[in-house]
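*Asks:* I need the structure of the sequence given here:
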Amino acid sequence: MNHYEIVLMIHPDKSNRIDKILTSLKNNVKEMSGTIHRLEDWGRKQLSYPIFKLHKAHYILINLEISKEFIQEIKDEFRSEESIIRNIILKVNKPISKPSLMINCKEVENDPKENVHEKSLKK
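*Replies:* I've put the predicted structure just below:
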């Protein structure tokens with residue numbers, strides 16, 4: 001079994017399809033005897049450059065463990081899903097289950113107890 005990190009960029013007008021996409025992915029990984037170690041919804045983010053005349057996208061991060069043979073099926077599923085505008089699949093050496101920096105930054109931004117100076121020091 002290999003470990004992979006996947007980032008999906010989903011069309012912002014089709015954010016309502018995220019649950020369907022993730023449910024389908026979870027079911028496929030389960031059928032393929034794989035494991036999802038981390039699943040994070042980063043929300044809508046500004047794009048660095050327009051893609052299909054879009055300036056924002058909804059980001060999803062997934063870390064999973066699955067056989068090499070099945071990764072092509074996942075790629076094909078992403079390619080056939082019209083609401084996914086971009087995806088990247090990276091092979092990683094070990095499973096990653098701790099929260100990503102994006103989630104940690106969100107928690108710091110949402111913490112009302114911290115002052116502005118402390119936030120800037122953490123970055």
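*Asks:* report the buried residues of the strand or helix carrying Trp42.
*Replies:* Trp42 belongs to strand 35-51 when assigned by DSSP states H and E. Under the neighbour-count criterion of 16 or more other CB atoms under 10 Å, strand 35-51 has 36-38, 40, 42 buried. From N, CA and C alone the C-beta is placed, and that goes for glycine too.
*Asks:* repeat that for stretch 65-81.
*Replies:* For stretch 65-81, burial by neighbour count (16+ other CB under 10 Å) applies to 65-66, 70-71, 74, 78, 81.
*Asks:* okay, those residues in CSV with secondary structure next?
*Replies:* Output for those, formatted as CSV (DSSP: H, G, I helix; E, B strand; the rest coil):
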residue, secondary structure
Glu65, strand
Ile66, strand
Phe70, helix
Ile71, helix
Ile74, helix
Phe78, helix
Glu81, coil
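*Asks:* with distance to Lys98 and pLDDT added, can I get these in TSV?
*Replies:* Conversion of those to TSV gives the following (distance: CB to CB, whole Å; pLDDT from 0 to 100):
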residue	distance to Lys98	pLDDT
Glu65	15	92
Ile66	20	91
Phe70	25	89
Ile71	23	89
Ile74	23	89
Phe78	25	89
Glu81	28	88
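*Asks:* quick one: which of these is nearest Pro99?
*Replies:* Within the buried residues of stretch 65-81, the smallest distance to Pro99 is 17.9 Å, found for Glu65 (CB to CB).
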